[in-house]
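In: could you work out the structure for the sequence below:
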Amino acid sequence: MSIKRLSVDDQLAALWYIYTEMGRSITPAAPGAARLQLAEGLLNQIKQMSHTEQLQAMRDLASNKNTQISRSYGILSANTKLAFWYQLAQWMTQGFVVPMPVGYQLSSAGAQVLQAIKQLDFGQQITVLRNAVVDMGVDPLAD
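Out: Here you go, the predicted structure:
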């Protein structure tokens, strides 16, 4: 069950659904939340963009496009990446970051992945989520 096998938009939608549906329990379990200040500059940079630019930045992260945002994200720890996406999901809900399109429907593959994640225990859900967000962005230190 890999979120990474979904289309970029379904990856983003799955992350949003996971964080908004399970977010209250995920936050305390993400030690990176305490170190979110490490990503604060990057988050604020995204927050200042237009909705179109915000969506493109998130798509670039999910598709590993080599951009300044993706490289900045790439150096964050796994737990900080978890907290980063949690904050984006919060801001999407609050309207500070481009919201989910009204009536957006996950593909059948996306819905299957989301349903499978819901069946996992909490620890397994965090592992799936961590694996999904760790692989996003670009590691500027990689060859």
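
In: can you name the secondary structure element that comes next after the helix or strand encompassing T52?
Out: Assigned by DSSP states H and E, T52 belongs to helix 51-62. Next helix or strand after helix 51-62 toward the C-terminus (DSSP H and E): helix 68-74.

In: test my guess that N66 contacts D139.
Out: No - using C-beta atoms under 8 Å, N66 makes no contact with D139, being 10.3 Å away. In this view, the C-beta of every residue, glycine as well, is placed from N, C-alpha and C.

In: for the helix holding T52, name the packing helices and strands.
Out: Here helix 51-62 touches helix 8-29, helix 40-47, helix 68-74, going by 3 or more C-beta pairs under 8 Å, 6 or more residues apart in numbering; DSSP states H and E.

In: of those helices, which is nearest D121?
Out: In terms of C-beta to C-beta, the element of the helices and strands packed on helix 51-62 nearest to D121 is helix 8-29, at 11.3 Å.
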